[in-house]
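1. got a sequence here, can you build the structure:
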Amino acid sequence: MEKATYTIGQLVSKQCLNCNEEQSHMVASLTKKGQISKVVCSVCAVVSTFKSSAKTLDADAAPKTGTPYDRSRTYRKGQTMMHSSFGYGEVMSVIEPQKIDVKFGDGLRRLIHSQI
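-> Model prediction:
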């Protein structure tokens with residue numbers, strides 16, 4: 001059985017040692033064979049190693065739950081949303097008081113939030 005290869009920026013699920021619970025992590029570095037070596041927690045931003053026994057969240061297996069995106073709502077890192085055009089996404093970082101970076105299935109997008 002051939003091992004799966006991964007890409008930087010892909011989301012995987014792993015027990016976070018800092019948060020002490022299972023969180024989604026973004027792939028930060030890969031080996032020459034395309035295997036994950038380092039990941040970054042989507043909630044606390046701690047970089048950690050990745051063991052191949054952890055499970056990955058691919059586009060079909062990702063939980064499709066999230067509140068509908070609302071530009072007037074204030075988001076924080078780690079929250080999930082369902083955007084009408086981009087689908088399921090997770091807030092990766094708060095850039096400015098009114099801008100957030102959200103990881104969707106097709107890539108990272110910058111959205112506005114906290115608009116009254």
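2. ok, now which ones touch residue 21?
-> Listed by Cβ atoms under 8 Å, 6 or more residues apart in numbering, the contact partners of residue 21 are residue 15. For glycine as for every other residue, the C-beta is placed from the backbone atoms N, C-alpha and C.
3. was I right about residue 80 contacting residue 67?
-> Yes. Between residue 80 and residue 67 there is a contact under Cβ atoms under 8 Å: 7.5 Å.
4. the two: who's more crowded?
-> residue 80 (19 against 11; other Cβ atoms under 10 Å).
5. could you pull out the strands in the chain for me?
-> Taking DSSP state E as the test, the strands found in the chain are 11-16, 21-30, 36-41, 47-49, 67-68, 80-83, 87-96, 99-104, 107-112.
6. report the rounded mean pLDDT for stretch 29-46.
-> Stretch 29-46 comes out with an average pLDDT of 84.
7. could you do stretch 5-20 as well?
-> On average, stretch 5-20 scores 79.
8. buried set for that stretch?
-> 6, 10, 11, 12, 13, 14, 16 (16 or more other Cβ atoms under 10 Å).
9. burial count for the nearest residue to residue 98 once chain neighbours are set aside?
-> Using Cβ to Cβ, 6 or more residues apart in numbering and skipping the chain neighbours, the partner closest in space to residue 98 is residue 114 (5.0 Å). Residues near residue 114, counting by other Cβ under 10 Å, number 15.
10. if I pick residue 114, what's in contact with it?
-> Here residue 114 is in contact with 72, 73, 74, 97, 98 (Cβ under 8 Å, 6+ apart).
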